[in-house]
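1. Requesting a structural model of the entry that follows:
(one chain, ligands or ions: 2)
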Amino acid sequence: MRRIGTSDRVRALGAMSGTSLDGVDAAVIETDGETVFGFGETAYRAYTDAERAVLRAALGRWEGPEVEAAAEVVETAHAEILSRFENIDLVGFHGQTLAHDPRGRGTHQAGSGAILAEALGLPVVWDFRSTDVRFGGEGAPLAPFYHFALAKFAGATGPVAFLNLGGVGNLTLVDPGFARPEAEGALLAFDTGPANAPVNDLMQARRGLALDEGGALAAQGEVADAVVEDFLRHPHFYRMAPKSLDRDAFADLSAAVAELSDADAAATLTACAAASVAAGMEQCPVPPERLLVTGGGRHNPVLMAMIAAGCDCPTEPVEAAGLDGDMLEAQAFGFLAVRVARGLPTSCPGTTGVRAAVGGGTLSRPGELAVALG
Ligand SMILES: Nc1ncnc2c1ncn2[C@@H]1O[C@H](COP(=O)(O)OP(=O)(O)OP(=O)(O)O)[C@@H](O)[C@H]1O
Ligand SMILES: CC(=O)N[C@H]1[C@@H]2OC[C@@H](O2)[C@@H](O)[C@@H]1O[C@H](C)C(=O)O
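-> Numbering: from 1, shown residues only. Ligands and ions are numbered 1, 2, ... in the order given. Here you go, the predicted model:
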């Protein structure tokens, strides 16, 4: 791979398999790891029901046959979708988080970037989170350094917040007045709480459906305020940012709505997701001028209305700033891959609580695996 410098337009291909377990997002971004120059092709590959079952069986596990089977599903799905792209300089491969316990056993994303490098014949950056955890960080969220670049790309001059509504929610407050993302005060980021995962789990358990399309079921229900109040007593909401969450950190939420009707349970879980965003906004030291929402949850108008009602600033999907909310995380890992290849940091005390700014990620080149095995 050629040496990358400032202003080099690298065509990086990022791939993300998120906590919702729906599928793999892939997107091309043109960047030098500091400035976003433009965007390229995108693609999505859904997991089949059988593949999703394999991934689900491995959630919360660190080793064993379930984890190995999950890794194989992740590698195969990624090789399939990523091989469709052409003229790629570098791949950023997040993998599938199976377990996340940064202060305990660490963090684990299934899928080997070394195998993918071999399959694609391209250099692949992967295992983005381990180094941050090793140096005392939460290992998440990592998109904030990309949010910093995006705030500049979108022409923001004052503080702006990005909210990702995936399985878990995460919030980034960006001050674009700083030259570099790792400067003290440029970024504050943390996981807000569960976002879509509890509603998805409810829909799966009660209706055999993957999601509450358009929030239609939640719209018919009434919020059980006592459940939301109790939810907000979780220790996560008393911790200062930065802080991160495992997908199933709030697993007992399903028990809290067990006695409610399907519609009331959906409304209540949606309200919990919105309440955790409001709690997160209160931890922002300065009020953002706008809240830009990315991730699948922005397609849910009931959730979006609840979030807007709890916020003091305009709440809009990232499309309002000319961005693609379905591909933003995939782009983020393409962007971060370029930073890793350049030796630039990918997290800092304000984003993950890591002791000092660090660059995470392993670069695997095609041919290396053959040498290692040979
Ligand atoms: N039309 C819709 N109506 C309601 N909810 C939707 C809709 N579209 C997407 N969602 C929600 O968004 C989820 C997918 O979001 P996204 O792809 O951002 O998650 P992810 O990337 O897997 O998660 P994470 O960011 O936590 O890793 C779906 O599982 C669903 O809950
Ligand atoms: C450990 C892990 O995979 N965390 C994910 C998850 O999904 C949303 C939230 O929890 C966020 O912290 C992170 O993903 C995004 C892409 C991030 O690192 O910025």
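
2. Going by C-alpha atoms from here, please, whenever you check contacts or count neighbours.
-> Will do.

3. Enumerate the positions of stretch 112-129 that are buried.
-> 112-120, 122-129 (16 or more other Cα atoms under 10 Å).

4. do the same with stretch 157-164
-> 159, 160, 161, 162, 163, 164.

5. Is the fifth one in a helix, a strand, or coil?
-> This points to residue 163. Secondary structure state of residue 163, per DSSP: H, G, I helix; E, B strand; the rest coil, is strand.

6. Tell me who's in contact with it.
-> 169, 170, 171, 172, 291, 292, 293, 294 (Cα atoms under 8 Å, 6 or more residues apart in numbering).

7. Now residue 116: which helix or strand?
-> In the assignment (DSSP states H and E), residue 116 maps to helix 113-120.

8. got it, and residue 305?
-> Per DSSP H and E: helix 301-309 holds residue 305.

9. just checking, residue 250 touches residue 197?
-> No: Residue 250 is not in contact with residue 197 according to Cα atoms under 8 Å; the separation is 9.6 Å.

10. quick one, which of the two is more surrounded?
-> residue 197 (26 against 16; other Cα atoms under 10 Å).

11. Relative to ligand 1, how far out is that one?
-> Residue 197 sits at a distance of 6 Å from ligand 1 (criterion: Cα to the nearest ligand atom, to the nearest Å).

12. mind listing what the residue nearest the centre of the chain touches?
-> Taking Cα atoms, centre = their mean, the centroid of the chain lies closest to residue 329, which sits 5.9 Å from it. Applying Cα under 8 Å, 6+ apart to residue 329 gives the contacts 15, 16, 143.

13. wouldn't the last one be in contact with residue 332 here?
-> Spelled out, it's residue 143. Yes: the criterion here is Cα under 8 Å, and residue 143 meets it with residue 332 at 5.7 Å.

14. Which one of those two is surrounded by more residues?
-> A direct count of neighbours by other Cα under 10 Å for residue 143 and residue 332 places residue 332 higher, at 28 against 25.

15. in what helix or strand does that one lie?
-> For residue 332, the host element (DSSP H and E) is helix 328-342.

16. So is that helix next to ligand 1?
-> No: residues of helix 328-342 contacting ligand 1 under Cα under 6 Å from any ligand atom: none, with a closest distance of 7.1 Å.

17. what's next to the helix or strand that that helix is followed by, contact-wise?
-> Moving toward the C-terminus from helix 328-342, the next helix or strand (DSSP H and E) is helix 349-352. Residues from elsewhere that reach helix 349-352, judged by Cα under 8 Å, 6+ apart: 132, 137-142, 144, 172, 182, 184-185, 187-190, 242-244, 355-357.

18. Which among the residues you listed count as buried?
-> By 16+ other Cα under 10 Å, the contacts of helix 349-352 give 132, 137-142, 144, 172, 182, 187-190, 242-244, 355-357 as buried.

19. Could you pick out which of those residues are located in strands?
-> Applying DSSP state E to those, the entries found in strands are 172, 187, 188, 189, 190.

20. can you tell me how far the residue nearest to the centre of the chain sits from residue 278?
-> 22 Å (Cα to Cα, to the nearest Å).

21. try residue 228
-> Separation of residue 228 from residue 278 (Cα to Cα): 12 Å.

22. Where do the domain boundaries of this structure fall?
-> Following automatic domain parsing, the chain resolves into domains at 10-140+329-373, 155-321.

23. Now those domains in a markdown table, please, with extra columns for distance to residue 149 and mean pLDDT.
-> Formatted as a markdown table, the domains of the chain follow (distance: least, Cα to Cα, whole Å; pLDDT from 0 to 100):
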| stretch | distance to residue 149 | mean pLDDT |
| --- | --- | --- |
| domain 10-140+329-373 | 6 | 96 |
| domain 155-321 | 8 | 96 |
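
24. can you put those domains in JSON lines and add distance to ligand 2?
-> As requested, the domains of the chain are exported to JSON lines (distance: least, Cα to the nearest ligand atom, whole Å):
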{"stretch": "domain 10-140+329-373", "distance to ligand 2": "4"}
{"stretch": "domain 155-321", "distance to ligand 2": "5"}
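
25. need the residues of the protein near ligand 1, please.
-> Going by Cα under 6 Å from any ligand atom, the residues of the chain near ligand 1 are 18-21, 165-168, 196, 200, 211-215, 295-297, 299-300.

26. do that again at 8 Å, thanks
-> Residues of the chain lying near ligand 1 by Cα under 8 Å from any ligand atom: 16-23, 25, 164-170, 195-197, 199-200, 210-215, 247, 294-301, 325-326, 329.

27. PyMOL command for the buried members of those?
-> Typed into PyMOL, the line below selects the buried ones among these, using 16+ other Cα under 10 Å:
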select buried, resi 16+17+18+19+20+21+22+23+25+164+165+166+167+168+169+170+195+196+197+199+200+210+211+212+215+247+294+295+296+297+298+299+300+325+326+329
